[in-house]
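*Asks:* Sharing a model that was predicted from the sequence below.
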Amino acid sequence: MATNQSAENWLSSIRSGTSPSCTIRGRIIPYMEFLCRLKNYCLFLGFREPIVQTAGPAEPEGTSAEAISGPFLPQSSGPETGNDSVVVLSTRVPYEPSWGGHIGLPRPLIHESTECRTEGTVTKYIAPYLKEYHFAQNHVYLSRDEKEQLFISLPEDLIKGGGEAGDGTLRVQLEKIVEIDEDGGYSPVNVVDTLVSFRISGAFRQHLLDNRFSWGPKKVQRIGKLLTADMFVFDQAPQPGQGNGKEKEFAQILLPAMNRIVTNSNPQLLAAIIYLKDLFFKTVDNLQGNRTRQESANLLCVAGLDIDAAAFRGEGVHYFVPWAAYLQQGGREEKGNRQLEQDDLFVALMGQEKQCPA
């Protein structure tokens, strides 16, 4: 843990995206056990009778701010003066077997089982973007002729933006892939129906070499994972109902990182962590700005992932992965503010009894 200036540096690192990622393996705690351990930890810190108030992890909320004693929510002005409070910020994500926590079901069944449980979550929000990216991976082709010249072919919609993949907003950046013609433009060497072919640039050829791309016996191959985040853009958000407040919030936080999200091996998890970090530092800013309550009470803000494992373990089964915490102890300036990063927070919680005190 750190105090004062180091705490500010830590928060700054979260904003800049340089803070450590959230580890899943070995950090999963059953949700209700987490709440009991948290309550016991608060008592250990000297909090006065913290009472757990939770809407319940089975409710279909994508994010939640749950209070232990005191009516605090992130959008409010803060807990009432004198109340010891705990704020739990969580982002819900459906469990994926690749996270290593439990043995799960095959990936296609995951999607069927969790689709109805993702409404209002980051998982639901990024789904159209993932669909766009997967379409591009499977419909952009690399080919070579008898003279070993290399070409890239793609649907016209992926050049202009718009088309077959969902709402069609992904656009491949030709300048990152295609050879420039004499006029400084990008002239196709062949057009068949809506499929347009270009010679690849020297820079993209080097990209293939750097990634040890191998043709094998095939003359034509899908681009697949070689369509990296710097090679395409999303021209607009492929989301219906942009007037929804949650959609606007997701767009503001996640759109700037969407290329990095959809190309990640665990896009739902990365999106959840990015959203959680933003929610956390905004909440801490709110707490730090409320000087009145800092002078009179203890406060702990804990952020983590609410892992929905219902598709594998039964209805209503949730786990919590603690990520970070911010502590104002006693509210006195001389005591300072402290933060716990994931490993320290996990150790602190696991050092407490998993049963709630009577």
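*Replies:* Arrived safely.
*Asks:* which regions of the stretch 151-300 of the chain lie under the pLDDT threshold?
*Replies:* With pLDDT under 70 as the threshold, the stretch 151-300 of the chain has low-confidence stretches at 161-168, 236-245, 290-296.
*Asks:* again, 50 this time
*Replies:* Low-confidence segments of the stretch 151-300 of the chain (pLDDT under 50): 163-168, 238, 240-241, 243.
*Asks:* how about the helices in it?
*Replies:* Listed from the start of the chain, the stretch 151-300 of the chain has helices (DSSP state H, counting those that start in this stretch) covering 157-160, 202-210, 245-254, 258-262, 267-289, 291-294.
*Asks:* Compile the ones you listed into TSV and extend it with columns for distance to E33 and mean neighbour count.
*Replies:* In this view, the C-beta of every residue, glycine as well, is placed from N, C-alpha and C. TSV is the format used below for the helices of the stretch 151-300 of the chain (distance: least, Cβ to Cβ, whole Å; neighbours: other Cβ atoms under 10 Å):
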stretch	distance to E33	mean neighbour count
helix 157-160	48	18
helix 202-210	46	13
helix 245-254	29	16
helix 258-262	30	22
helix 267-289	20	21
helix 291-294	29	16
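*Asks:* out of those, nearest to E175?
*Replies:* helix 202-210 (9.6 Å; Cβ to Cβ).
*Asks:* Not counting its own residues, what contacts the closest one?
*Replies:* The set of residues external to helix 202-210 that reach it, using Cβ atoms under 8 Å, 6 or more residues apart in numbering, is 142, 150, 152, 176-179, 226, 228.
*Asks:* let's go with 7 Å and repeat that
*Replies:* The set of residues external to helix 202-210 that reach it, using Cβ atoms under 7 Å, 6 or more residues apart in numbering, is 150, 177, 226.
*Asks:* Please flag which of these sit within strands.
*Replies:* Filtering the contacts of helix 202-210 for membership in strands, criterion DSSP state E, returns L150.
*Asks:* mind checking how far L158 is from R171?
*Replies:* Remark: distance between L158 and R171 (Cβ to Cβ, to the nearest Å) = 7 Å.
*Asks:* now A325
*Replies:* Using Cβ to Cβ, A325 is found at 41 Å from R171.
*Asks:* the more surrounded of these two?
*Replies:* Remark: of A325 and R171, A325 carries more neighbours, 28 against 20, as counted by other Cβ atoms under 10 Å.
*Asks:* Am I right that the more buried one falls within a strand?
*Replies:* Yes. Counting by DSSP: H, G, I helix; E, B strand; the rest coil, A325 is part of a strand.
*Asks:* Test my guess that it contacts L287.
*Replies:* No. Applying Cβ atoms under 7 Å as the test, A325 and L287 come out as separate, 11.8 Å apart.
*Asks:* shared neighbours of these two, which are they?
*Replies:* Overlap between the contact sets of A325 and L287, as judged by Cβ under 7 Å, 6+ apart, is given by C301.
*Asks:* Excluding covalently adjacent residues, which one is nearest to V321?
*Replies:* Leaving aside its chain neighbours, V321 sits nearest to L305 (4.3 Å; criterion: Cβ to Cβ, 6 or more residues apart in numbering).
*Asks:* Tell me if I'm right that the one you found and C22 touch.
*Replies:* Yes. Using Cβ under 7 Å, L305 and C22 qualify as a contacting pair, with a distance of 6.4 Å.
*Asks:* if I look at these two, which residues touch both of them?
*Replies:* Overlap between the neighbourhoods of L305 and C22 consists of 321, 323, taking contacts as Cβ under 7 Å, 6+ apart.
*Asks:* Which one's more surrounded, the two?
*Replies:* Comparing L305 with C22 by neighbour count (other Cβ under 10 Å), the higher total belongs to L305, at 24 against 21.
*Asks:* Give me the phi and psi for that one.
*Replies:* Main-chain dihedrals, L305, degrees, to the nearest 10: phi -100, psi 130.
*Asks:* how close does it sit to L208?
*Replies:* The span separating L305 from L208 equals 36 Å under the rule Cβ to Cβ.
*Asks:* Spit out the contact partners of the closest residue to L158 other than its chain neighbours.
*Replies:* Spatially, and ignoring its direct neighbours in sequence, L158 is nearest to V172 (4.9 Å; Cβ to Cβ, 6+ apart). Listed by Cβ under 7 Å, 6+ apart, the contact set of V172 reads 136, 140, 154, 158-159, 231-232.
*Asks:* what's the farthest-apart pair in those residues?
*Replies:* Comparing all pairs in these by Cβ to Cβ, the longest separation belongs to I159 and M231, at 12.4 Å.
*Asks:* Measure how buried V178 is and give me the count.
*Replies:* The tally of other residues near V178 (other Cβ under 10 Å) stands at 24.
*Asks:* Kindly report the same for M231.
*Replies:* M231 has 20 neighbours, counted by other Cβ under 10 Å.
*Asks:* That one touches R171, doesn't it?
*Replies:* No. M231 sits out of contact with R171 when judged by Cβ under 7 Å, with a separation of 10.2 Å.
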